[in-house]
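S.K.: next one to model:
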Amino acid sequence: MRIALLLLFTFAVIVVSAQDLKIRNYSVQKTESSHFSIDGELTEPEWQSATWENEFIQFEPYNGRTPSQRTEFALLYDENNVFVGIKSFDNNPDSISLRMTRRDIYDGDMAGIMFDTYNDKRTGFSFIVSAAG
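M.R.: As a prediction, the model looks like this:
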């Protein structure tokens, strides 16, 4: 009986927690140009007219809270490519962690995007970059 109650309580907590997240749809703009420089500057005119999204919640260190630092991203595409622009702001740039780690060990400051190409909300392709590159 205790195990059944524990399982029921655990399931209830998981269901209630899962309802806090809302699915967001983001706009993606088509571009006729693919002359983007991969330099981290985002100075091409297409980025200036892109729709920049910035409504996020934290994952770490305080899951579900409003982020302490502002981050924005925009998506563009052409016939063959998807272009992702990310602007990560920091009030104290000297505190940015530039730690390089081995594959699949997430340590330090980073930003990334995940594409749910099967639209199953379970699998996806992640692209993550650290502040160290």
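
S.K.: all helices of the protein, in order?
M.R.: 2-18, 45-48 (DSSP state H).

S.K.: show me the shaky parts of the protein.
M.R.: 1-21, 99-107, 133 (pLDDT under 70).

S.K.: one more time with 80, if that's ok
M.R.: Within the chain, the stretches with pLDDT under 80 are 1-25, 33-34, 59-60, 97-110, 130-133.

S.K.: can you pull out the strands in it?
M.R.: 29-30, 71-77, 82-88, 110-115, 125-130 (DSSP state E).

S.K.: quick one, which of those is packed in tightest?
M.R.: Among the strands of the chain, judged by mean count of other C-beta atoms under 10 Å, the one packed with the most neighbours on average is strand 71-77 (a mean of 18). For glycine as for every other residue, the C-beta is placed from the backbone atoms N, C-alpha and C.

S.K.: residues near residue 46, how many?
M.R.: 20 (other C-beta atoms under 10 Å).

S.K.: give me every residue that touches it.
M.R.: Counting by C-beta atoms under 8 Å, 6 or more residues apart in numbering, residue 46 makes contact with 29, 31, 33, 36, 76, 83.

S.K.: repeat the analysis, applying 7 Å as the threshold.
M.R.: With contact set as C-beta atoms under 7 Å, 6 or more residues apart in numbering, residue 46 has these partners: 31, 33, 76.

S.K.: I'd say the first one and residue 76 touch.
M.R.: Yes: Residue 31 lies in contact with residue 76 (C-beta atoms under 7 Å); the separation is 4.8 Å.

S.K.: can you tell me the closest non-neighbouring residue to residue 112?
M.R.: residue 128 (3.3 Å; C-beta to C-beta, 6 or more residues apart in numbering).
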